[in-house]
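> pasting the structure only:
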């Protein structure tokens, strides 16, 4: 079982920036960030392949968010720039420990096996 701990959420004004971190108890797996706004379904934000060489982003965050980390560490980070009101949500880190293709990025929540407790991000006007 892999444990995930997110940190870095908080309150920020529109246009501002935040960096979220996710520390995993093991390394070498595909990982991702998802978010869930109040009254909405959980949605994909960004993801890494197991090698950290391939990434994917939701259209709504492309050009504003960056994901970084490396295989030597068990931590991945989500840098969020130019935050908008619609980015307000609880952000979750996820890891896939099921068999996987090293260079593949997994985009669906059902493809991930373990989840963190979530860290809230509130963007104010």
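Cool, got the structure. Just so it is clear, the structure is predicted and the values come from calculations on it, not from any experiment. Numbering: from 1, shown residues only.

> Pick out the residue closest to the middle of the chain.
residue 33 (1.9 Å; Cα atoms, centre = their mean).

> I'd say it and residue 42 touch.
No - between residue 33 and residue 42 there is no contact under Cβ atoms under 8 Å: 10.8 Å. C-beta: built from backbone N, CA, C; applies to glycine.

> buried stuff in the lowest-mean-pLDDT helix or strand in the chain?
Using mean pLDDT, DSSP states H and E, the weakest-scoring helix or strand in the chain turns out to be strand 65-69, at a mean of 91. For strand 65-69, burial by neighbour count (16 or more other Cβ atoms under 10 Å) applies to 65, 67, 69.

> mind listing what the helix or strand hosting residue 44 pairs with, with the direction of each?
Element membership for residue 44, per DSSP states H and E: strand 43-48. According to DSSP bridges, strand 43-48 forms sheet pairs with strand 31-36 (antiparallel), strand 55-57 (antiparallel).

> Check which residues of the shortest one are buried.
Residues of strand 55-57 classed as buried by neighbour count (16+ other Cβ under 10 Å): 56-57.

> heads up, I number from 710, so please use that
In the new numbering, first residue 710, that becomes strand 764-766.

> List the contacts of it.
Applying Cβ atoms under 8 Å, 6 or more residues apart in numbering, the external contacts of strand 764-766 come out as 754-758, 774, 776, 814, 816.

> same check, this time on the longest one
With Cβ under 8 Å, 6+ apart as the contact definition, strand 740-745 has outside contacts at 729, 731, 733, 751-757, 776, 778, 785, 787, 796, 798-805, 815-816, 818, 821, 827, 830.

> Of those residues, which qualify as buried by neighbour count?
729, 731, 733, 751, 753-757, 776, 778, 785, 787, 796, 798-805, 815, 818, 821, 827, 830.
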